[in-house]
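Chemist: Sequence and predicted model, in that order:
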Amino acid sequence: MTDTSPILAMPYIQPSQAQKHVTHNEALSLLDVIVQLAVLSADQSVPPTTAVEGDRYLVAPNGQAAWAGQDGKIAAFVDAGWHFTLPLAGWVAQVLDTGSEVKFDGAAWIGKTLSNLPGLGIGASFDSYNRLVVSSDAVLLNHAGGGHQLKINKDQKEDTASLVFQTGYGGRAEMGIAGSDDFALKVSADGSNWVEALRVDAATGRIHAGVGGWREMLIAPRSYFVDPAMGFDGNAGMSAGVDAFATIAKAIEVALLVDSAGHDITVHLADGTYGLPQTLAITRGLSGGGQLVVQGNMAAPGMVVIEALECAIEVSERSIILRGVTLQNASATSPAVSVKGQGHLMLDHVIFGTAGGHLEVDNACLSLEGPCEIAGDAGFHLSLSGGALFDSNGHPVSLTGIPDFLDAFCICAEASVARLSGQSFVGAATGKQFDVSSNGVINSGGAVLPGDLAGTAQTGGLHI
C-alpha cells in the first residue's frame with residue numbers, strides 16, 4: 001500500500017503508525033483547501049498583506065515574495081502562513097471578486113468560454129438543426145457603443161439567408177436573400193403556399209412589386225425584354241435572353257404596375273414570331289406620364305412578327321409607340337390593329353402583312369413617326385370612323401409586291417380626318433384608292449393613294 005492517495009496525494013495512516021492524528025489532520029487540511037473551491041482572486045501575483053485565516057487565491061503568473069515559483073497553484077493562508085496546492089487538470093474554481101468561474105487546463109487557469117458549443121438552449125432545449133433556442137417574452141440585442149448590427153451570412157448565392165416569422169411553427173412571412181442575392185419579402189397564409197410581395201434587385205436597386213396596391217416610382221427610363229424562345233414569364237424581364245419575359249402581355253402588365261414618374265418604359269422584343277392567343281388589349285397608359293414603347297428590330301422589322309387569329313393589338317387609352325415589327329392576322333374581316341376611345345398609337349418602321357384589315361381607328365388618334373411598309377393583302381389599310389384622326393407626318397410608305405385592298409386603301413367616315421399631305425407611296429396595289437363619306441375628310445395633298453381603282457367620295461365626304 002502506498003503512502004498517499006492516487007489523486008489528491010492525501011497521506012494515508014500507516015499500520016502501527018505513531019501520532020496518527022498528524023496524518024489524518026494533513027488530509028483534512030488538504031480537503032479543507034480544495035473542496036468547494038472558491039478563491040478571493042485569480043489575478044494577483046503578490047500575496048496580500050491583510051490575509052486572514054482560510055483566505056484562498058490562485059497565484060497569477062510571475063508570483064512574488066512568498067508566492068514566488070508558485071504560479072497557478074492554490075495559495076491558502078493557514079496557521080499564519082501560505083500553503084500551496086498544485087491543482088489537477090479539470091479542477092474548477094469560483095472567483096469571488098469577478099463573479100466568474102475558471103478551470104485549470106493542466107498548465108493555467110482559464111475562464112469558461114461559449115466557443116464551439118454543440119448548442120445553447122435558454123428556457124428551452126436546442127436540437128441538431130436549431131442550435132440556438134431561446135424561449136422568452138423578448139430578446140434584447142443592445143449596442144455596446146453607437147450602434148449594433150445583426151448579421152445573417154450564407155455560403156453561396158443560391159443558398160438562403162432570411163428571417164422567417166411563424167404562427168404555430170408554420171411560416172407566415174419571410175424576408176431576406178433566398179435563392180439569389182435579391183432582397184425579397186414574401187407571405188403565406190398556410191405555411192405552404194407563398195406569395196412574393198416585394199423584390200429589390202441586387203444589381204440595380206430596382207424594386208419589383210409582385211402584387212397590386214403599391215407602385216414602384218422610377219428615377220430613370222426603364223427597359224423590359226421579351227424573348228419567345230428563351231424567356232419565361234416568371235422572370236424579372238430586366239435583361240435579354242434567358243432573363244427575359246416570354247410574352248408581350250407579361251411585359252406590358254409589369255410595365256403598367258410601376259409609376260413611371262415621367263420616364264419612358266420600353267418593351268424590347270427579340271427576333272421571333274409572337275403568336276397571340278388573344279387580342280393584346282392595352283386599356284390604359286403608364287402611371288406617371290411616361291411613354292410606353294414596344295420596339296422590335298428597327299433595322300429588320302420582318303424579323304419580329306406579331307400575329308393573331310383576329311385583332312392582334314387594341315389600344316384604347318393613352319399614347320403608345322409601336323416600332324420595328326410586322327403585324328398580321330388570319331382573319332378575313334378583323335383589323336390587325338385597332339385604336340379606339342382615348343387611345344393614340346404611333347407607328348414607326350412597321351410592316352403590315354396579310355390581315356382582314358391593317359389599321360382601324362374609331363374616335364381615336366393614329367400617326368406615323370417613321371416610314372412603314374405594306375407587304376400583304378387586306379380589306380383596307382386604314383379605316384377611320386367616329387371622329388378619328390390620322391396624321392402621316394409626311395413619312396413614306398412602301399408597298400412590296402402588289403397588295404390588294406378588297407374594300408379600299410383608305411376608308412374615312414363620320415367626321416374623321418385623314419392627313420396624308422406630304423406622304424409618298426412607293427410601289428403598286430390593287431383595289432379602290434379611297435372611300436370617304438359622312439363628313440369624313442381625306443387630305444392627300446395631291447398625292448395618289450395606292451390602288452388601281454379610283455376612289456369614291458360619297459355624300460358629305462371630302463377628298464382634297
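Modeler: Yes, it's here.
Chemist: Could you use CA atoms for every contact and neighbour count after this?
Modeler: Will do.
Chemist: where's His83, which helix or strand?
Modeler: Assignment of secondary structure by DSSP states H and E places His83 within strand 81-85.
Chemist: Show me the beta-bridge partners of Phe104.
Modeler: Phe104 has these beta-bridge partners by DSSP bridges: Trp109.
Chemist: now it: how far from Gly357?
Modeler: 95 Å (C-alpha to C-alpha, to the nearest Å).
Chemist: Settle it for me: which of these two has more neighbours?
Modeler: Gly357 (31 against 18; other C-alpha atoms under 10 Å).
Chemist: among the helices and strands of this protein, which has the poorest mean pLDDT?
Modeler: Here the helix or strand of the chain ranked lowest by mean pLDDT, DSSP states H and E is helix 20-34, holding a mean of 70.
Chemist: List the contacts of the following helix or strand past it.
Modeler: If you walk from helix 20-34 toward the C-terminus, the next helix or strand you reach (DSSP H and E) is strand 38-39. With contact meaning C-alpha atoms under 8 Å, 6 or more residues apart in numbering, strand 38-39 is reached by 55-58, 93-96.
Chemist: what mean pLDDT does strand 38-39 have?
Modeler: Here strand 38-39 scores 93 as its mean pLDDT.
Chemist: Within its sheet, name the partner strands of that strand and how each one runs.
Modeler: Here strand 38-39 is paired, per DSSP bridges, with strand 92-95 (parallel).
Chemist: List of residues touching the strand it pairs with?
Modeler: With contact meaning C-alpha under 8 Å, 6+ apart, strand 92-95 is reached by 36-42, 100-104.
Chemist: can we see that at 6 Å?
Modeler: With contact meaning C-alpha atoms under 6 Å, 6 or more residues apart in numbering, strand 92-95 is reached by 37-41, 101-103.
Chemist: same thing with stretch 69-80?
Modeler: 53-61, 63, 82-86, 108.
Chemist: Secondary structure element holding Lys157?
Modeler: Applying DSSP H and E, one finds Lys157 in no helix or strand.
Chemist: ok, it to Ala202 distance?
Modeler: On the measure of C-alpha to C-alpha, Lys157 and Ala202 end up 11 Å apart.
Chemist: Please name every helix or strand in contact with the strand holding His83.
Modeler: On a contact count with 3 or more C-alpha pairs under 6 Å, 6 or more residues apart in numbering; DSSP states H and E, strand 81-85 meets strand 74-78.
Chemist: Name every strand pairing with the strand it packs on and say which way it goes.
Modeler: Strand 74-78 has its sheet partners listed here by DSSP bridges as strand 56-58 (antiparallel), strand 81-85 (antiparallel).
Chemist: re earlier: joint contacts of Lys157 and Ala202?
Modeler: Joint contacts of Lys157 and Ala202 (C-alpha under 6 Å, 6+ apart) are Asp181.
Chemist: Pass me the low-pLDDT residue ranges in this structure, would you?
Modeler: Applying pLDDT under 70 to the chain flags the ranges 1, 4-10, 12, 21-22, 24-25, 28, 32-33, 210-214.
Chemist: Quick check: closest non-adjacent residue to the residue nearest to the spatial centre of it.
Modeler: Nearest residue to the geometric centre of the chain (C-alpha atoms, centre = their mean): Arg199, 3.2 Å. Of all residues not flanking Arg199 in the chain, Ala184 sits nearest, at 4.3 Å (C-alpha to C-alpha, 6 or more residues apart in numbering).
Chemist: Could you pull up the contacting residues of that neighbour?
Modeler: Taking C-alpha under 6 Å, 6+ apart, one finds 175-176, 198-199 in contact with Ala184.
Chemist: Adding distance to Ile464 and secondary structure, write those out as TSV.
Modeler: As requested, the contacts of Ala184 are exported to TSV (distance: C-alpha to C-alpha, whole Å; DSSP: H, G, I helix; E, B strand; the rest coil):
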residue	distance to Ile464	secondary structure
Met175	66	strand
Gly176	66	strand
Leu198	57	strand
Arg199	57	strand
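Chemist: Outline the domain layout of the chain.
Modeler: Per automatic domain parsing, the domain ranges recorded for the chain read 36-111, 157-214, 221-463.
Chemist: The last one: how far from the chain's middle?
Modeler: Taking C-alpha atoms, centre = their mean, to the nearest Å, one finds domain 221-463 lying 35 Å from the centre of the chain it belongs to.
Chemist: hey, which of the strands paired with strand 74-78 is tucked in deepest?
Modeler: Most buried of the strands paired with strand 74-78 by mean neighbour count (mean count of other C-alpha atoms under 10 Å) is strand 56-58; its value is a mean of 26.
Chemist: Sort out which of the contacts of strand 92-95 are buried, if you could.
Modeler: 37-41, 101-103 (16 or more other C-alpha atoms under 10 Å).
Chemist: Which residues are in contact with the closest residue to Gly289 other than its chain neighbours?
Modeler: Using C-alpha to C-alpha, 6+ apart and skipping the chain neighbours, the partner closest in space to Gly289 is Gly262 (4.8 Å). Residues in contact with Gly262 (C-alpha under 6 Å, 6+ apart) are 288-290.
Chemist: Can you add secondary structure, distance to Arg323 and neighbour count and give the residues you listed back as a markdown table?
Modeler: What follows is these, written out as a markdown table (DSSP: H, G, I helix; E, B strand; the rest coil; distance: C-alpha to C-alpha, whole Å; neighbours: other C-alpha atoms under 10 Å):
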| residue | secondary structure | distance to Arg323 | neighbour count |
| --- | --- | --- | --- |
| Gly288 | coil | 22 | 15 |
| Gly289 | coil | 20 | 15 |
| Gly290 | coil | 17 | 19 |
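Chemist: Farthest pair within the buried ones among the contacts of strand 92-95?
Modeler: Within the buried ones among the contacts of strand 92-95, two members stand farthest from each other by C-alpha to C-alpha: Leu40 and Lys103, at 15.1 Å.
Chemist: so Thr266, which of the three states?
Modeler: strand (DSSP: H, G, I helix; E, B strand; the rest coil).
Chemist: That one and Ser223 touch, don't they?
Modeler: Yes: under the criterion of C-alpha atoms under 6 Å, Thr266 makes contact with Ser223 at 4.8 Å.
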